[in-house]
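S.K.: the following block contains a protein sequence and its predicted model.
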Amino acid sequence: MSTEISKPVSIRGRKEDGTDVSADGQVLIEEFDHNDRVKRAAKAWVISWALAVASIPLIIAHWVLVPGFLIAGPFMARRYFKIESVPKKVNGSCPICGESTENKLESGDKLPMWTYCSAHRDPIHIVPVEEA
């Protein structure tokens, strides 16, 4: 079963006068256990092979699509199985404007990263806080 954990981050930015400012925030991460990873991998494999079967009636394109989807199935399954955690979003206050910000993250995003404040579109740098 997947679990959601929260980890501290530092949200950094630079004001118009050139001073560096920072604020605290939290990143929400979804972690997958072994069973979830197997289910996600099997789903990717089944979808790929279902697309191979669905592309059989396509007259000319099936000579490329069917083998392509059949070969892609195991590769996509392996790729999904290797994913142990996915970042969901970052919550905190923008150090530049002071308003609360919530930034949705893509599954391939890695910290540290640059993004924009959701309130005023100011550039911010999200950095994980190293725990001692």
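M.R.: Perfect, thanks for sending it.
S.K.: kindly report the domain assignment for this protein.
M.R.: 3-32+84-128, 34-82 (automatic domain parsing).
S.K.: where does the protein dip in pLDDT?
M.R.: 131-132 (pLDDT under 70).
S.K.: mind listing what the residue nearest in space to the middle of it touches?
M.R.: Nearest to the mean C-alpha position of the chain, counting by Cα atoms, centre = their mean, stands Ser107 at 1.4 Å. Ser107 is in contact with 83, 86-87, counting by Cβ atoms under 8 Å, 6 or more residues apart in numbering. Any C-beta I mention is one placed from the backbone N, CA and C, and that applies to glycine too.
S.K.: residue ranges of the helices in the protein, please?
M.R.: All helices of the chain, identified by DSSP state H, fall at 34-54, 62-82.
S.K.: looking at neighbours, which among the contacts of Ser107 is most surrounded?
M.R.: Pro87 (20 neighbours; other Cβ atoms under 10 Å).
S.K.: against Thr101, how distant is Arg121?
M.R.: 10 Å (Cβ to Cβ, to the nearest Å).
S.K.: which of those two has more neighbours?
M.R.: Thr101 (24 against 9).
S.K.: right, I'll call it a day here.
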